[in-house]
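A.B. asks: I need the structure of the sequence given here:
(chains A, B and C)
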Amino acid sequence: MEFFERFAVPHPSPAIYASMVAIGLTVIAIIAGLTYFKKWGYLWREWLTTVDHKRIAIMYLISALLMLFRGGADAILMRAQLAVPDNKMLDAQHYNEIFTTHGVVMIMFMAMPFVFAFMNYLIPLQIGARDVAFPRLNAISFWLFFAGAMLFNISFVVGGSPDAGWTSYFPLAGNDFSTSVGTNYYMIALQISGLGTLMTGINMITTIFKMRAPGMTLMKMPMFTWSSLIANVIIVFAFPVLTVALAMGTMDRLFGTNFFTTSNGGMDMLWANLFWVWGHPEVYILILPAFGLYSEIIATFSGRNLYGYKSMVASMVLISLLSFLVWTHHFFTMGQGALTNSIFSITTMAIAVPTGVKIFNWLFTLWKGKIRFTVPMLYSLGFIPLFTVGGVTGVMLAMSAADYQYHNTMFLVAHFHNTIIPGVVFAMLAGFTYYWPKMFGFMLNEKIGKWTFWMLTVGFVLAFFPMYISGLDGQARRMYTYSEAAGFSMLNMLSFVGAAVMAFGFVLIVYNIYYSVRYSPRNIGANPWNARSLEWATHTPVPEYNFAITPNVASSEALRDVKNGHDLFPGKYEKIHMPNNSGLPFIMGVIFFVWGFSFVFAMWIPLIIATIGIFACMGYRSAEKDHGRYISVKEIEDTETKLRGA
Amino acid sequence: MSELFPRKQVMGFVFSLVLTAIALSVYFLDMSFTTGMIILLVTAFIQAGLQLVVFMHAGESKDKGVIYTNVYYALIIALVTIFGTLLILLWDM
Amino acid sequence: MKIDNSLPLEYSTDQNQLNILGFWIFLGAEIMLFGTLFASYFTLVDRTGAGPAGAEIFEITPVLIETLLLLTSSFTIGLAVHAMRLANKKATMAFIGITLLLGLAFLGVEIYEFVHYVHIGAGLQTSAFTAILLTTLGTHGAHVTFGLFWGTFILLQIKKRGLTPETGNKSFIFSLYWHFLDVVWIFIFSFVYLKGMM
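C.D. replies: Reported below is the predicted structural model:
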């Protein structure tokens, strides 16, 4: 019996039971729907087995949106719990689980796939390639991410969620204090999706270095591709650190080792150290592609070339290096000496310099531009001042002596949300609106979009600015309640109202998609925003081979050059080599899920079987003869005529 | 290319054995910690460079710029991580 | 698939060049992986708890044998690539085979070493030091084990299909992997064993 007890949720509540029922019903509804509409074959052929970077991007996008709502539900629950003092809606354990899953889901399973969605979709289009360097590996990356995300999310209904914070500090995350399997889920799910992330990093770097169209030198790449290159470089060097830390944490929890314990020589601080060696670069992995998207959008809607292209690139290269030199600022109060704290204070403040350079570049791009206030542009214009506030409070936190006051207060929570929401989330929504027509062939409704923007912005300011004050007044983060005498009541109520307004904003996005699917006109042409870079030079929707003729690029504003008489597509059609679809990545994802689940519950026999399964897949792949296929000139002509006619 | 005798590889192998022998001196001879560490650092990094250039052909394709940048970048960040960690957790704790 | 005969076999197609560059970038990630293990090792090396310290358990003989085996295998896989470039299928296969045998011998000695450590009371759970020691060595050992399977697969494919752009590419990438493991071992040899016994 004891064996099965581990699968039960340790702290059940009506909400969790209701979710179990909801999850069950959703799964049944999906299966029934697919069967009723006879879509299983379509799903398998067109999506589950695809290696097309554009489809993988869309799957990342859907996952990211789903996870946004999953993490958003956690956020609303937290704000509701803290809205009034001495609230008994959630108990301490539930609150711990909710802030943990909120952090992990939002960073790892919302922001990361959102970024990957754009990288996958845009990099090959922006450099004029047919696909990424390793299409099959790309599919494996996605399915590993997806397996990790699903594994993490079932913790909620099978065995209990992790409860040691998204940073999962030891000894709190050790067996003594985190008694459920929740933290095992954390360790294993992040390990699996981290593996996928690392592979994406390798894939994208190789793609960018080796597959650029003729004429596109590194300094003629569109800015989003540059920012992705830098982000992927950081991925490749940061994620192995997480791999090692997670492996050691897993061993501590399951094999009784003493890496991070407080006995037999273990050092709990080593976890914090390793976590942030990965964790700080991680925030730049998220923000740099966001900067890239803003650069594209601001240039388009100002009707000007991006100001200071070279300084933009230089600042990102500098950030990629500096991002590995600042990690101690996450634990200034851990007890290391003044020398260390001073060094890391200075490196942290130094990062503000290249970031400031970028802000000025965007401002100078706007300067004398013909600005069009579209939805993507509104997000970008909202981002500049809001992100600057987030950055400046970051410099406040960077001063190690002052940090003793801010550490682990709501001030910090306000700061990082102030960088991540206007920085990353706004960028993703801006990019989402901006590239939606390229992905799906119609525009999202501008009017609803503008409402969404204002709700999110007002909601954001209401939700997070009060936390700066309550934090400075001493409200600690991660506390499930506070007394009325503390005087935080008003500020927290404001935050809750802000969070509710934001929630409405996110619901509006869904409504906008529904509305636009039904009513948006479909005859928008290839370049509805009048944009300037290469990805808009192909048809909408994009054919599977991206460009019928490999483009010959003259500058980073390739489409702009066409208007000035440049021949972007010289030559005639030739047959095009494309990779074949494969079910193997999906199957590997499923096996990895089983592997992870067995590992979480220390079921060694299924674990060994799954491990053998993984290696069998790799062996099969190694022996497989797959040289891809060719699209004939005839097919290309047909497709091109059809798309041009439409 | 068409050279039959693998001169480069044989020399690399002999050289790596010599470096190993030099490194072993820290075990068999009596010396201070500092001297020993210097010997180990020098021999290990030369040995690594040797493998990189002689055996791994790092510099022979047209991607050598990317390859060397990648390796040096990884090396720098790895060293920063190692020494930063030691600074934080041992030397300045 | 376009084959460019002016280049060595392993570089002869576009996909081959992509594979090689991609693998180099993967090796960059591996440098960080082992760098992190070393960072953890140096942090925990003196935290022996109630267990033994490195100087008490390290023995020079097995370590020297392991080092020589791995150095030699690195040499032989280099010879395999050399033979491959001369389009000598037999020699290529022979040298890869020797490499794998040397790797297997290395693994045998390492397993002996592990059993010995556990036997004298330096198991995985003993202390932070023994845990990080066995994890660092074990990660390297796991890489070697993986390499043995991988190499065997490539050997079978060369036997079946001959030296094609594909198998040549795979062999070359395998050689990169194997040399890299040798480099990691050099650092383990120098900074785990020799430093520990100094």
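A.B. asks: Quick check: residue A:242 vs residue A:248, distance?
C.D. replies: 11 Å (CB to CB, to the nearest Å). Every C-beta, even on glycine, is put in place using the N, C-alpha and C of the backbone.
A.B. asks: shared neighbours of these two, which are they?
C.D. replies: Common contacts of residue A:242 and residue A:248 (CB atoms under 8 Å, 6 or more residues apart in numbering or on different chains): residue A:274.
A.B. asks: Give me the more crowded residue out of the two.
C.D. replies: Using other CB atoms under 10 Å in any protein chain shown as the criterion, residue A:242 and residue A:248 rank with residue A:248 on top: 26 against 22.
A.B. asks: what's the neighbour count on the closest residue to the more buried one other than its chain neighbours?
C.D. replies: Distances taken as CB to CB, 6 or more residues apart in numbering or on different chains place residue A:259 nearest to residue A:248, at 4.4 Å, with adjacent residues excluded. Residue A:259 has 27 neighbours, counted by other CB under 10 Å.
A.B. asks: mind checking pLDDT for residue C:122?
C.D. replies: Note on residue C:122: pLDDT of 91.
A.B. asks: Quick one: neighbours of residue A:510, just the number.
C.D. replies: Neighbour number of residue A:510 under other CB under 10 Å is 11.
A.B. asks: which residue does the stretch 201-350 of chain A bring closest to chain B?
C.D. replies: residue A:337 (4.0 Å; CB to the nearest CB).
A.B. asks: Now do the phi/psi pair for that residue.
C.D. replies: Main-chain torsions, residue A:337, degrees, to the nearest 10: phi -70, psi 170.
A.B. asks: how close does residue A:506 get to chain B?
C.D. replies: Distance, residue A:506 to chain B, using CB to the nearest CB, to the nearest Å: 37 Å.
A.B. asks: and the gap between that residue and residue A:206?
C.D. replies: 36 Å.
A.B. asks: And those two? Which one has more around it.
C.D. replies: Using other CB under 10 Å as the criterion, residue A:506 and residue A:206 rank with residue A:206 on top: 27 against 19.
A.B. asks: what's the pLDDT at that one?
C.D. replies: pLDDT at residue A:206 comes out at 96.
A.B. asks: Assess the claim that it and residue C:21 are in contact.
C.D. replies: Yes - applying CB atoms under 8 Å as the test, residue A:206 and residue C:21 come out as touching, 5.3 Å apart.
A.B. asks: Where does residue A:550 sit: helix, strand or coil?
C.D. replies: Per DSSP: H, G, I helix; E, B strand; the rest coil, the local secondary structure of residue A:550 is coil.
A.B. asks: residue contacts, the residue nearest to residue C:47 when sequence neighbours are not counted?
C.D. replies: Spatial nearest neighbour of residue C:47, chain neighbours left out: residue A:265 (3.3 Å); criterion: CB to CB, 6+ apart. By CB under 8 Å, 6+ apart, the residues touching residue A:265 are A:258, C:44, C:47-49, C:51, C:127-129.
A.B. asks: again with residue A:227
C.D. replies: Contacts of residue A:227 (CB under 8 Å, 6+ apart): A:288-289, A:291-292, A:295, A:316.
A.B. asks: Okay, and the residue in chain B that chain C sits nearest to sits in which element?
C.D. replies: Closest contact between chain B and chain C, by CB to the nearest CB, is at residue B:78 (2.9 Å). Taking DSSP states H and E as the criterion, residue B:78 maps to helix B:64-86.
A.B. asks: number of nearby residues for the closest residue to residue A:47 other than its chain neighbours?
C.D. replies: Closest residue to residue A:47 apart from its sequence neighbours, by CB to CB, 6+ apart: residue A:55 at 6.3 Å. When neighbours are defined as other CB under 10 Å, residue A:55 has 20 of them.
A.B. asks: Residue A:29 now?
C.D. replies: 10.
A.B. asks: and if you look at residue A:577?
C.D. replies: So residue A:577, with other CB under 10 Å, has 17 neighbours.
A.B. asks: part of a strand, is it?
C.D. replies: Yes - Residue A:577: assigned to a strand according to three-state DSSP.
A.B. asks: Correct me if wrong: it contacts residue A:130.
C.D. replies: Yes - using CB under 8 Å, residue A:577 makes contact with residue A:130 at a distance of 7.5 Å.
A.B. asks: just to revisit the earlier point, so is the residue nearest to residue A:47 in a helix, a strand, or just coil?
C.D. replies: helix.
A.B. asks: does it really touch residue A:45, like I thought?
C.D. replies: No - counting by CB under 8 Å, residue A:45 is not a contact partner of residue A:55; they are 11.1 Å apart.
A.B. asks: any idea which helix is longest in chain C?
C.D. replies: helix C:128-161 (DSSP state H).
A.B. asks: in the helix or strand immediately after that helix in the chain, what's buried?
C.D. replies: Once the chain leaves helix C:128-161, the next helix or strand it forms, by DSSP H and E, is helix C:165-188. By neighbour count on 16 or more other CB atoms under 10 Å in any protein chain shown, the buried set for helix C:165-188 is C:165-188.
A.B. asks: Just the pLDDT for the residue nearest to residue A:248.
C.D. replies: 95.
A.B. asks: Test my guess that it contacts residue C:133.
C.D. replies: No - Residue A:259 is beyond contact range of residue C:133, at 11.6 Å (criterion: CB under 8 Å).
A.B. asks: per-domain residue ranges of the chain.
C.D. replies: Using chain A here. What automatic domain parsing lists as the domains of chain A is A:10-48, A:49-582+A:626-645.
A.B. asks: not what I meant, chain B
C.D. replies: Split by automatic domain parsing, chain B gives B:1-56, B:60-93.
A.B. asks: Make JSON lines out of those domains and add mean pLDDT.
C.D. replies: Formatted as JSON lines, these follow (pLDDT from 0 to 100):
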{"stretch": "domain B:1-56", "mean pLDDT": "87"}
{"stretch": "domain B:60-93", "mean pLDDT": "92"}
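A.B. asks: Out of those domains, which is closest to residue A:565?
C.D. replies: Each of the domains of chain B has some distance to residue A:565 by CB to CB; the shortest is domain B:60-93, at 32.4 Å.
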